[in-house]
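[1] Provided below are the primary sequence and the corresponding predicted coordinates.
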Amino acid sequence: MDPSALEKIIRDVIAGMETGSTPSKSMPAYSGGKITAKDYPLAEKSVDKLKTSTGKGFRDVTLDAVMNGSVGPQDVRITAETLEMQAQVAESIGRKNLASNFRRAGELVAVPDQRILEIYNALRPYHATKQELLAIADELEGKYNAKVVAAHVREAAEVGAARNRLKKD
């Protein structure tokens, strides 16, 4: 393994985390037919259905591809499509709450990592005003199409206000 190539990959991943870079376009939710527990684990039984955020096939993500630069940091990030497949597996075995969690996570894949951390901190007691939380919800819904997560943030703003757990204006 070429140490300089490995170092470049690590630097690229860290740079992407620091800048909050995300795939240039969001992957649509999986629409290739129902996935069930018989298709799990996906990497073994449904490998041809798995795509990277840049559209490469799962089998294209190899150590050789990483070393020659044809696979980069964006190719190893999870996609909304893969999370939807995981949600369908969970639903097929009656795990509706887990399926909902996967779908919410799928809504957030387009949100930069740094912004996710900022939102998380804002949701802590006394760290944001009701107006700030509502603005976050509007951003999630309008900019990232994260409607379910936005509804949760709006609910947190209402509950926080009712329980007097928000930062004062």
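    Structure received. Numbering: from 1, shown residues only.

[2] got the domain boundaries for this structure?
    Here the domain parsing of the chain from automatic domain parsing is 1-109, 111-169.

[3] can I get the helix or strand where V149 lies in CSV, CA atoms only?
    Element membership of V149 [criterion: DSSP states H and E] is helix 147-162. Provided in CSV are the C-alpha atoms of helix 147-162 (Å, rounded to 0.1, in the frame of the first residue of the first chain):
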residue,chain,number,x,y,z
LYS,A,147,-39.9,17.3,6.2
VAL,A,148,-40.1,14.7,9.0
VAL,A,149,-37.0,16.0,10.8
ALA,A,150,-38.3,19.6,10.4
ALA,A,151,-41.5,18.5,12.0
HIS,A,152,-39.5,17.1,15.0
VAL,A,153,-37.6,20.3,15.4
ARG,A,154,-40.9,22.3,15.3
GLU,A,155,-42.3,20.0,18.0
ALA,A,156,-39.1,20.5,20.0
ALA,A,157,-39.6,24.2,19.8
GLU,A,158,-43.1,24.0,21.0
VAL,A,159,-42.3,21.6,23.8
GLY,A,160,-39.2,23.6,24.8
ALA,A,161,-41.3,26.7,25.0
ALA,A,162,-44.1,25.0,27.0
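
[4] so which elements touch it?
    Counting contacts by 3 or more Cβ pairs under 8 Å, 6 or more residues apart in numbering; DSSP states H and E, helix 147-162 is packed against helix 96-108, helix 130-144. All C-beta spots, glycine's among them, are computed from the backbone N, C-alpha and C.

[5] convert the shortest one to PDB, retaining C-alpha atoms only.
    What that stands for is helix 96-108. Written as PDB, here are the backbone C-alpha positions of helix 96-108 (Å, rounded to 0.1, in the frame of the first residue of the first chain):
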ATOM      1  CA  LYS A  96     -41.700   0.300  12.300                       C
ATOM      2  CA  ASN A  97     -39.800   2.600  14.700                       C
ATOM      3  CA  LEU A  98     -36.400   1.400  13.300                       C
ATOM      4  CA  ALA A  99     -37.700   2.000   9.800                       C
ATOM      5  CA  SER A 100     -38.800   5.500  10.800                       C
ATOM      6  CA  ASN A 101     -35.300   6.100  12.200                       C
ATOM      7  CA  PHE A 102     -33.700   5.000   8.900                       C
ATOM      8  CA  ARG A 103     -36.000   7.300   6.900                       C
ATOM      9  CA  ARG A 104     -35.200  10.300   9.100                       C
ATOM     10  CA  ALA A 105     -31.500   9.500   8.700                       C
ATOM     11  CA  GLY A 106     -32.100   9.400   5.000                       C
ATOM     12  CA  GLU A 107     -33.500  12.900   5.100                       C
ATOM     13  CA  LEU A 108     -30.300  14.100   6.700                       C
END
